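Chemist: here is the input, now give the coordinates:
(2 chains)
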There are 2 protein chains.
Amino acid sequence: MRILILGGDGYLGWPTALHLSDRGHDVAIGDNFARRQYDHEMGVESLVPIEPLHTRTRVWHDLTGRIIDTFVVDLTDAPATYAMVEGFRPDTIIHFAEQRAAPYSMIDRKHAVYTQTNNIVGTLNLMYAVGEVDRDIHIVKLGTMGEYGQPNIDIEEGWLEVEHKGRKDRVLYPKKPGSFYHLSKVHDSHNLEFGCRIWGMRVTDLNQGVVYGQQTDQTVRDARLATRFDYDAIFGTVLNRFVVQAVLGQPLTVYGEGGQTRGVIDIRDTVECIRLASERPAARGEFRVFNQMTESMSVAEIAKVISSAYPQPVEIDYLDNPRVEAGKHYYNVVHSGLMDLGLEPHRLSDTLITSLFAIAERHKHRADLAALRPTVDWRRTASTPRAGHPGTAQGPE
Amino acid sequence: MRILILGGDGYLGWPTALHLSDRGHDVAIGDNFARRQYDHEMGVESLVPIEPLHTRTRVWHDLTGRIIDTFVVDLTDAPATYAMVEGFRPDTIIHFAEQRAAPYSMIDRKHAVYTQTNNIVGTLNLMYAVGEVDRDIHIVKLGTMGEYGQPNIDIEEGWLEVEHKGRKDRVLYPKKPGSFYHLSKVHDSHNLEFGCRIWGMRVTDLNQGVVYGQQTDQTVRDARLATRFDYDAIFGTVLNRFVVQAVLGQPLTVYGEGGQTRGVIDIRDTVECIRLASERPAARGEFRVFNQMTESMSVAEIAKVISSAYPQPVEIDYLDNPRVEAGKHYYNVVHSGLMDLGLEPHRLSDTLITSLFAIAERHKHRADLAALRPTVDWRRTASTPRAGHPGTAQGPE
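Modeler: Numbering: from 1, shown residues only, chains lettered A, B, ... in the order given. Below is the predicted model:
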């Protein structure tokens, strides 16, 4: 298949590109390098050094003979987006190309507006490009489990069968997201579902859990193929951040009592889920939703898993939760759709954690301790996120 | 109360301003005159001539001695929005200031992106202004019944009690809107509900039905106080458009078989609903939703009502529906919230229709027949909306 990966220079986009290229698909990447800009803005860096995209694709070509085309495109630039879709003519578009950090979206008004505009307009432009060029192109869109919030009923896969006053309907699962970022993904999902209705588009919406891990079968072949390892309080996902804190001898920072529960998934399962969804496209007019996660764990449980696995003693710091969310809640997620397509999940294991400790140990001299502390407060309208840096963060332009 | 009416120069914003001023409230208007620009862009005009805002407010002052302040502000301009909220210090903000036509949003990509960006960013900026200036300011936000779509269960007022696999929750009512415009309002509602959770905002979301009528107790006092009467296929709401078609001896243009059902409301009830919602604000942290409509009618029924009331014979043209929606569907709406606050609804009556015929008769020489025909096709990614005008519509900048 011809597969275009938008956001293919990012934490998950890059390993996905390699995984699909390795499986024999013709892969191209679209990216505007916004993710690298956020690092400059926040004054942080991936713990593991990463190469520029042109080096990454060259190394992959040298190792495997396989070519990954690249398009330097910002999806908010509609003509460039159309030209990319028209030029590469993909069968499938994997859409990672969004601002993806909840705390980043909650820094202040500017970052909230940027996040929603960037994500919504980019996705609308992509929808129109597909609507005009070829409506059979399958869009695989990355969403997040955080869209659902903390409902007191089971979380189904995107749709809910309801019975109300003796009548029945199948409705979009009602969502109550927890940040302007999560909201942007809910907005995208509504827009895409509408595209399926009016234009007969094929869409798979993947509500992904918190991803952990940093290596895949492809990225380990050469250090220059490494993907990002974010550990900071803005972009670092919780499990990866705890690993770095343990290795640095810092307390694990649990927000609140840690009873809030997350769906989680191994990075190797992420890339495999995307392959499975791509190779078995949604039908014409179908808005198909999968919950892309393999296990549920509370934040406190994740902290315990990391502290037990680490050979040295590890402290746990219970901070005031900067987010607004329930500390204890019901959480039961249906996530059978991708298993039905053939996913064989990796469970979080000591082996994986030990290998993450080794990665963090190797690069711990690159860590900035100040970046580990949460600085963005959901209850305020403006926070100063660049801990350890003088002055105020400059927003995206 | 001090009440700021955003979009106060529009079809409903202006009569609302007069109604609230008449009731003794201190009223100010914020507007960027975007609605008047759309007329220029589409090459159409209100059937009833309307005065510029500065004339309107001067006439109102001359007649009543009451002052209505005006702020020329585009809500996508955050500093200007903050300054307006800080400067007027309202108790209540009525938010009409959005692009509000479904066909306009469906013209092409540019208009879809404009509609969503304009509406979402404007509302986000307003939320942040209230979040910073005074979180007790009550936002009364205009939404639309079209957000709900055509569910096979009863439409409740914004929230739904669900029971699923033996567990219960109260969730945001799941919506399936029918245009990029309707979607923008759903996105706004999600963002606002989040604002209630994180900042304790007070929000009333009014899902309004299709409004008919053109006169209120205040606008009739002087011809220069008249509000718009849109009859074109882009901005004209269905009942008002049918009235003009009847008077012009044109067939009423029913889309499809006309089985699609709409909630409708008299313009005099609209302004009263907004008064009631303003004077009885939502509680701190409450996201309160009312369905602002008084009757349900299918489009075919509306056509029959108009043709029976008109003294001459009236033809009905059943056109291919340019929208994507079910031609026949279940439709039962709960709309008791505003009645509980004291609304005494006007039902659609022959008297009202006869007075609308008289208004249309008086101004029929201003009508453009070409503007009555639907030109925007939901199934296409680009339509040419300016019927009767050479060239392509130029989008908003």
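Chemist: give the buried residues for stretch A:343-361.
Modeler: With burial defined by 16 or more other Cβ atoms under 10 Å in any protein chain shown, the residues of stretch A:343-361 counted as buried are A:343, A:345, A:346, A:348, A:352, A:353, A:355, A:356, A:357, A:359, A:360. For the C-beta atoms, the positions are set from N, CA and C on the backbone; glycine is no exception.
Chemist: show the model's pLDDT score for residue A:393.
Modeler: Looking at residue A:393, its pLDDT is 46.
Chemist: do residue A:222 as well
Modeler: Residue A:222 is given a pLDDT of 98.
Chemist: now intersect the buried residues of stretch A:343-361 with the helices, please.
Modeler: Taking DSSP state H, the ones among the buried residues of stretch A:343-361 that sit in helices are A:352, A:353, A:355, A:356, A:357, A:359, A:360.
Chemist: make CSV from the residues you listed and add pLDDT and distance to residue B:299 to it.
Modeler: Formatted as CSV, these follow (pLDDT from 0 to 100; distance: Cβ to Cβ, whole Å):
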residue, pLDDT, distance to residue B:299
A:352, 93, 59
A:353, 95, 61
A:355, 96, 63
A:356, 97, 60
A:357, 98, 65
A:359, 98, 63
A:360, 98, 63
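Chemist: if we check chain B, which of the residues you listed are in contact?
Modeler: Near chain B, taking Cβ under 8 Å from any Cβ of the partner chain as the test, no member of those is found.
Chemist: I'd like to know how far the residue nearest the centre of chain A sits from residue A:142.
Modeler: Closest to where the C-alpha atoms of chain A average out (Cα atoms, centre = their mean) is residue A:100, at 6.1 Å. In this view, residue A:100 and residue A:142 are 8 Å apart by Cβ to Cβ, to the nearest Å.
Chemist: overlap in contacts of those two?
Modeler: Shared contacts of residue A:100 and residue A:142 (Cβ atoms under 8 Å, 6 or more residues apart in numbering or on different chains): none.
Chemist: quick one, grab the pLDDT at residue A:67.
Modeler: 98.
Chemist: what's the answer for residue A:171, then?
Modeler: 98.
Chemist: now residue A:76. Nearest residue, chain neighbours left out?
Modeler: residue A:121 (4.9 Å; Cβ to Cβ, 6 or more residues apart in numbering or on different chains).
Chemist: double-check the one you found against residue A:77; I have them as touching.
Modeler: No. Contact criterion Cβ atoms under 8 Å: residue A:121 and residue A:77 do not qualify, at 9.7 Å.
Chemist: more neighbours: which of the two?
Modeler: residue A:121 (22 against 15; other Cβ atoms under 10 Å in any protein chain shown).
Chemist: what's that one in contact with, if anything?
Modeler: Residue A:121 sits next to A:75, A:76, B:113, B:116, B:117 when contact means Cβ under 8 Å, 6+ apart.
Chemist: got the residues of the stretch 251-397 of chain A near chain B?
Modeler: A:324, A:330, A:378, A:379, A:381, A:382.
Chemist: among those residues, which ones are buried?
Modeler: When these are checked for burial by 16+ other Cβ under 10 Å, the buried set is A:324, A:378, A:381, A:382.
Chemist: tabulate the residues you listed (TSV), appending pLDDT.
Modeler: Converted to TSV, those look like this (pLDDT from 0 to 100):
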residue	pLDDT
A:324	96
A:378	97
A:381	97
A:382	97
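Chemist: flag every buried residue along the strand or helix carrying residue A:54.
Modeler: Following DSSP states H and E, one finds residue A:54 within helix A:53-64. Burial within helix A:53-64, assessed by neighbour count using 16+ other Cβ under 10 Å, is assigned to A:53, A:56, A:57, A:59, A:60.
Chemist: please compute how far that helix lies from its chain's middle.
Modeler: A distance of 23 Å separates the centroid of the chain from that of helix A:53-64, by Cα atoms, centre = their mean, to the nearest Å.
Chemist: who does the helix or strand following it pair up with?
Modeler: Moving toward the C-terminus from helix A:53-64, the next helix or strand (DSSP H and E) is strand A:69-72. Using DSSP bridges, the strands paired with strand A:69-72 are strand A:26-31 (parallel).
Chemist: quick one: average confidence on the strand it pairs with?
Modeler: Confidence for strand A:26-31, expressed as mean pLDDT, is 98.
Chemist: I'd like the next helix or strand past it.
Modeler: Past strand A:26-31, further along toward the C-terminus, the next helix or strand under DSSP H and E is helix A:34-42.
Chemist: could you list every helix and strand in contact with that next one?
Modeler: Under the contact criterion of 3 or more Cβ pairs under 8 Å, 6 or more residues apart in numbering or on different chains; DSSP states H and E, helix A:34-42 touches no helix or strand at all.
Chemist: ok, residues contacting that helix?
Modeler: A:7, A:9-11, A:45-46, A:74, A:99, A:101, A:104, A:118, A:228, A:232, A:234-235, A:371, A:385-386, A:393-396.
Chemist: could you give me the buried positions within it?
Modeler: Across helix A:34-42, burial judged by 16+ other Cβ under 10 Å covers A:34, A:35, A:36, A:38, A:39, A:41, A:42.
Chemist: helix A:53-64 and that helix, what's the angle between them?
Modeler: Counting by axes from the mean of the first three to the mean of the last three Cα atoms, to 10 degrees, helix A:34-42 lies at 130 degrees to helix A:53-64.
Chemist: quick one: mean pLDDT for helix A:34-42?
Modeler: The pLDDT scores in helix A:34-42 average 97.
Chemist: using PDB, write down the CA coordinates of that helix.
Modeler: Extracted as PDB, the C-alpha positions of helix A:34-42 are listed here (Å, rounded to 0.1, in the frame of the first residue of the first chain):
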ATOM      1  CA  ALA A  34       6.400  21.800  14.800                       C
ATOM      2  CA  ARG A  35       7.300  19.300  17.500                       C
ATOM      3  CA  ARG A  36      11.000  20.200  17.300                       C
ATOM      4  CA  GLN A  37       9.900  23.900  17.600                       C
ATOM      5  CA  TYR A  38       8.000  23.200  20.900                       C
ATOM      6  CA  ASP A  39      11.300  21.900  22.400                       C
ATOM      7  CA  HIS A  40      13.000  25.200  21.500                       C
ATOM      8  CA  GLU A  41      10.100  27.100  22.900                       C
ATOM      9  CA  MET A  42      10.000  25.200  26.200                       C
END
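Chemist: mind checking how far that helix is from the chain centre?
Modeler: Distance of helix A:34-42 from the chain centroid (Cα atoms, centre = their mean) equals 16 Å.
Chemist: noted, bye for now.
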